[in-house]
Each structure stands twice: as structure tokens, then as C-alpha cells.
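**Student:** quick one: sequence and predicted model below, then my questions.
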Amino acid sequence: MSKKGRVLVAMSGGIDSTVTAMMLHEEGYEIVGITMKTWDYASSGGSKKETGCCSLDSINDARQIAVEKGFHHFIVDIREEFGDYVIDNFVEEYVAGRTPNPCILCNTHIKWSALLKRADAMDCEFIATGHYAKIKNENGRYFISKGIDPRKDQSYVLWGLSQECMARTIFPLADLTKAEIRQMAFDWGYESLSKKPESYEICFVPDNDYRGFLKRRIPELEDNLRGGLFVNKAGDIIGKHDGYPFYTIGQRKGLGGGFKQPMYVTKIHPETNTVVLGEADELLQNAMQVGQINHQKYTEVPTDKELVTMVRYNDRGTLSTVTKVSDSPYYKVNFMANVRGIAPGQSAVIYEGEDVIAGGIIQKR
């Protein structure tokens, strides 16, 4: 075994995870590559050709790198555990009138759990992924901190990682930019990999049509809910819609015509199949409640500091203060400026400077 240790590297076949494995290999770690099959595209019913991290091409790309560099590579089928948890939650959240973030749920409850389980079985001390983020350890606690490339920073999607997970995780790309990663792949002789495009789709919705996915999962959904009402904030009926699960907070397109000004989805009431529409300023608010909190840097969120809270990926964040809601598991985030389009079901991540203090799920606006 290498003196530096044995690392299980999650390899999707993409450029980030491949460069991660190559870097650690060159640094002297003993590498074991693993590619996780999370979803079968054929069962999604979508129209798009199979691409991304679960495709046969991507799996073969990951295996080829391992063969060329002389380290072991395994393919692990986790479709059953992925589907039962992530996909069921995805559907349930939309049916509840909320907007889920399945990639965060997958990181927190599926991928890291699967990686640690296999790492233990293969005598690997560490696991590694191609995320653009840092892991720090201060005062006996591990926590995520932002990567150096602000356009690629993925600290937001890692708020749910536990202390155990972070203690055994390595992020080699933390201090590199995407341009540097592409150059490294090119310099190593992988020209096609260096030009490989990125995918921003949900892995089990390859055509990026979540509405179509919901209709295929629950065929009766559209027929049962079609003809629901669009109303304004005063409750006046201003149109009809296809069913509340097919709309998200902040949505503008696909609402039909006949409005005198641009309209947006501002609220969703699943109990009455009603979708509230309003003008842009009706999406603004200065407070929200957050639950299912995972604490990282501290064991409790400081209530005496000005912090920064992000409400979506690539959000610049807004200055805020946080208070504990008495006799409840929730925190209230009070923003110092109005925030647009806060959506229940999405993640809120609270930062102190570059460091993740805690994250959770937005409960209500």
C-alpha cells in the first residue's frame, strides 16, 4: 500500500473526476476507481439520447483511464437505493407543491453513503470526488468552504455532508479553476476529454423535462389536476392551468397569454390546485424558515453575527441574520435586502465568509 494511503475515487467519466484520479495518482496515492450506476435511462421514457454520468460511454471512459494508469476500477449498481430515495422524494415534493433539489439529496444520502460503504470494503482510508470545494478542520469540526473558482464553486450542494463523511473526503480540485483542469487534461494527452462539455441536467431527467417525467411516473396526474385555477394575490381568477405540480416559484414561461404585464408564479396551493400569479416585485421577500438543518462549522448557527445565505446554486448570497424558532426545529433567516424567488423545497446554505456554517431545506416563505 502507498505511504500516502489508499483512495476510492468516484469516477463519472467526466473531466473533473478523471483529473481528480490522475492528480492523486501522481501524488502517490494508491487509487481505486469506482463508477456508480444510479439510473437506467431506458426506464425514464425521455426522448433524449443517453448521456452523462450513467451512460455506457461515460462508464467506458472511466474504465479506460483506470486501465491506462494501472489502477483498479469497479462499477457499482446503486439504482435501487437511488430510486427508492431520491426519485420518490423528487416526485413527492412536486406533488406537495414544492421544488426539490435531487442532486443535493443524492450527495447527502446516497453517493457518500455508497462511497464510504465501498471504501470500507476495499480497505480505502479516503474517498475523493471532483467537486470544486474545500474541506477544512478547525476546533474539532470539519466543514465545507468555497473553491477558488467562483464560477464553479460547489460548496452549496455539499451542505448536507456529515462530520464522518468530510473527515474521510479529499477534494483535489479545490484550488484550481475549470480552465486549469482542462489544460491539465490536455497536457496529459487527453485532448477529447479536455473539450468534453459539461452536463447540468438531473441524471434521471435526461431531456430536462421534469413535467414529462412526472407525467410518466404518475400517468393520472395531469388528468386529475388539469383545469386548476390561476389567481392573483387578491384571489381573483385570471386563468386556468394544467395542474399545480407542473409549476415552480418564479416561473414566467408557460403560463399562457392575455396578461397586461409579465406574470410569475408567486405561490402554490396544492390543497386547492391553485397557482398564484403576480408581478416581479411580488416574488421579493426578506425572511424565510429553514428546517432539516445540518450543522458544519459550528454545532449551532450563531445568532449574533451577520452571515450570508444562499437560496439557490450560483446565488451570490445575501447578508442575513439567523434566529432559532422557539419550540421548533426551524431557524428563521432574516435578510438585510429583499430576495427574489425563494422556493420551498430548495436548499438554503448559510456562510460565514467562505465557510459553510450550516444548510437546510426552505420550509416556507
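**Tutor:** Structure received.
**Student:** contacts, neighbours, all on C-alpha from now
**Tutor:** OK.
**Student:** got the phi/psi numbers for residue 288?
**Tutor:** The phi/psi pair for residue 288 (degrees, to the nearest 10) reads phi -160, psi 160.
**Student:** what's it in contact with, if anything?
**Tutor:** By C-alpha atoms under 8 Å, 6 or more residues apart in numbering, the contact list for residue 288 reads 332-334, 362-365.
**Student:** most neighbours among the residues you listed, which one is it?
**Tutor:** Counting neighbours by other C-alpha atoms under 10 Å, residue 362 leads the contacts of residue 288 with 28 neighbours.
**Student:** in the stretch 51-200 of the chain, which spans are helices?
**Tutor:** 56-69, 79-82, 88-95, 102-106, 112-121, 163-167, 178-187, 191-194 (DSSP state H, counting those that start in this stretch).
**Student:** relative to residue 203, which of those is closest?
**Tutor:** helix 102-106 (8.6 Å; C-alpha to C-alpha).
**Student:** how far does the closest one sit from its chain's centre?
**Tutor:** 5 Å (C-alpha atoms, centre = their mean, to the nearest Å).
**Student:** ok, stretch 351-362 next?
**Tutor:** For stretch 351-362, the distance to the chain centre is 14 Å (C-alpha atoms, centre = their mean).
**Student:** burial of the nearest residue to residue 347 once chain neighbours are set aside, as a residue count?
**Tutor:** Using C-alpha to C-alpha, 6 or more residues apart in numbering and skipping residues adjacent in sequence, the residue nearest residue 347 is residue 361, 4.6 Å away. Per other C-alpha under 10 Å, the neighbour tally for residue 361 reads 22.
**Student:** just to revisit the earlier point, could I get the helices of the stretch 51-200 of the chain as CSV with mean pLDDT and mean neighbour count?
**Tutor:** Output for these, formatted as CSV (pLDDT from 0 to 100; neighbours: other C-alpha atoms under 10 Å):
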stretch, mean pLDDT, mean neighbour count
helix 56-69, 82, 17
helix 79-82, 83, 15
helix 88-95, 94, 17
helix 102-106, 90, 19
helix 112-121, 93, 17
helix 163-167, 96, 17
helix 178-187, 94, 15
helix 191-194, 86, 16
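**Student:** got CSV for the ones you listed, with distance to residue 299 too?
**Tutor:** Output for the helices of the stretch 51-200 of the chain, formatted as CSV (distance: least, C-alpha to C-alpha, whole Å):
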stretch, distance to residue 299
helix 56-69, 38
helix 79-82, 29
helix 88-95, 27
helix 102-106, 21
helix 112-121, 21
helix 163-167, 11
helix 178-187, 33
helix 191-194, 41
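**Student:** looking at the ones you listed, which is nearest to residue 12?
**Tutor:** Of all those, helix 56-69 comes closest under C-alpha to C-alpha, at 6.3 Å.
**Student:** so where's the protein uncertain?
**Tutor:** 1-2, 40-56, 200, 365 (pLDDT under 70).
**Student:** domain assignment for it?
**Tutor:** 6-130+172-194, 226-278, 283-364 (automatic domain parsing).
**Student:** of those domains, which is nearest residue 201?
**Tutor:** domain 6-130+172-194 (8.5 Å).
**Student:** how long is that closest one from one end to the other?
**Tutor:** End-to-end distance for domain 6-130+172-194: 26 Å, by C-alpha to C-alpha, to the nearest Å.
**Student:** same question, stretch 228-236
**Tutor:** So stretch 228-236: terminal residues 13 Å apart, C-alpha to C-alpha.
**Student:** for that stretch, which positions count as buried?
**Tutor:** 228-232 (16 or more other C-alpha atoms under 10 Å).
**Student:** then stretch 264-278?
**Tutor:** 264-268, 270, 273-278.
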